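Participant: Here's a sequence, model it:
(one chain, ligands or ions: 1)
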Amino acid sequence: MSKILVVGSINMDLVTRVSKAPKTGETVLGEDFKQIPGGKGANQAVAMARLGSDVAMIGMVGEDSFGDTLLYAIKKDGVDISGIGRCSSKSTGIATIVVDDDANNSIIVVSGANFEMKKEDIDKNIKLYEDSKIVVHQLETPLDIVEYSLKVSKALGKTTILNPAPAKSMSDEIIKNVDYLIPNETELEILSGMPVKTKEDILLACRKMMEKGVKKLIVTLGSKGAIYVDSEGSKEFGVYKVEAVDTTAAGDSFIGGFTAAFSEGKPVEEAMDFAAKVGAITVTREGAQTSLPTLDEVRNFKGVV
Ligand code: RIB
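Facilitator: Predicted structure coming up:
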């Protein structure tokens, strides 16, 4: 039985390394170029599978060579790909990523096949929902699909997670079916419509989201760690100090780590710490799926918060 279902995007990342990203109108020489499997949904699914979780994915790729390569990669990591369709009208999603010497990145996603997902793709894979305990979503698939999948998941009594990335505002119909919302500060600001500068701002914005029906929130704060918030209160978690080379998929790996630990019944404190370790290892390596650690690597990680 698949314990976790990820409904989300699958992209080929076209990654250019450059010492300093160009300004508008400027041409610079890059240092390296690679094609690396990515997409927030696939990254999260692969992160969980590498950490030992039983994971299935619902998504869409094109009938092209990127689609072949990505399906092969996700399957090789042990994710059940029976819910991933192929579409003839659009090419596989791609992400153009520029990473600089400070490990910062900028990303442009061309969604392609990811945005061809239809409600029928959910309906025909209902067994994957029935077999799962937790259903995980992001926002690189159409909003009506996210809304429908959350509704189907809750009707079947599943725990739902939404990582609202990339940030966009959305209806209360979507929000009310989210058990765990995992935004960063910018995403929380957009979703709540409130400024998010200080810890007090974060807590107020989280309260607003809980009034709309969200049960619990984890707000990721990049190098400042993360805050867990529920109706009882909040708790802050630090980050493990590492030398970052590429922050791509840091958030995806954190969500993968948290969900993997949480699906095994670990308490929130333990799941958050495990996720922080997964995120720390991920940023020390290049690329999205190429940087995600195995369970053994996380167990052997000796970091300091
Ligand atoms: O979160 C990182 C991911 O965002 C990349 O792999 C890219 O494909 C975009 O979806």
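
Participant: a helix runs through residue 188, doesn't it?
Facilitator: Yes: judged by DSSP: H, G, I helix; E, B strand; the rest coil, residue 188 forms part of a helix.

Participant: who are the neighbours in contact with it?
Facilitator: 196, 202, 205, 206, 209, 217, 219 (CB atoms under 8 Å, 6 or more residues apart in numbering). (Each C-beta comes from the backbone N, C-alpha and C, glycine too.)

Participant: who's in contact with the residue lying closest to residue 147 once chain neighbours are set aside?
Facilitator: Excluding its sequence neighbours, the residue lying closest to residue 147 (CB to CB, 6 or more residues apart in numbering) is residue 174, at 4.8 Å. Counting by CB under 8 Å, 6+ apart, residue 174 touches 143, 146, 147, 150, 162.

Participant: In terms of helix, strand or coil, where does residue 174 fall?
Facilitator: Quick answer, by three-state DSSP: residue 174 is helix.

Participant: pLDDT wise, what is it at?
Facilitator: Looking at residue 174, its pLDDT reads 95.

Participant: And residue 68, by the same measure?
Facilitator: Residue 68 is given a pLDDT of 98.

Participant: State whether it is indeed within a helix.
Facilitator: Yes: counting by three-state DSSP, residue 68 is located in a helix.

Participant: So what's the residue count around it?
Facilitator: Residue 68: 14 surrounding residues under other CB atoms under 10 Å.

Participant: Equivalent analysis for residue 73, please.
Facilitator: 20.

Participant: Nearest spatial neighbour of it, chain-adjacent residues omitted?
Facilitator: residue 37 is the one closest to residue 73 (CB to CB, 6+ apart), at 4.3 Å.

Participant: List the contacts of the one you found.
Facilitator: 12, 13, 46, 69, 70, 73, 74, 288, 289, 290.

Participant: Helix or strand: which one has the first one?
Facilitator: Right, the one you point to is residue 12. Under the criterion DSSP states H and E, the helix or strand holding residue 12 is strand 11-17.

Participant: Report the buried residues of the next helix or strand after that strand.
Facilitator: Next along the chain after strand 11-17, taking DSSP H and E as the criterion, comes strand 32-38. Buried residues in strand 32-38, defined by neighbour count with 16 or more other CB atoms under 10 Å: 36, 37, 38.

Participant: mind checking how far the residue nearest to residue 147 is from residue 232?
Facilitator: Residue 174 is 25 Å from residue 232, where distance means CB to CB, to the nearest Å.

Participant: can you confirm residue 81 is in a strand?
Facilitator: Yes: according to three-state DSSP, residue 81 belongs to a strand.

Participant: before we move on, the earlier item: buried among the contacts of residue 174? Need that as a selection in ChimeraX.
Facilitator: Buried members of these, defined by 16+ other CB under 10 Å, are picked up in ChimeraX with:
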select :146,147,150,162
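
Participant: center of this structure, which residue is that?
Facilitator: residue 252 (3.6 Å; CA atoms, centre = their mean).
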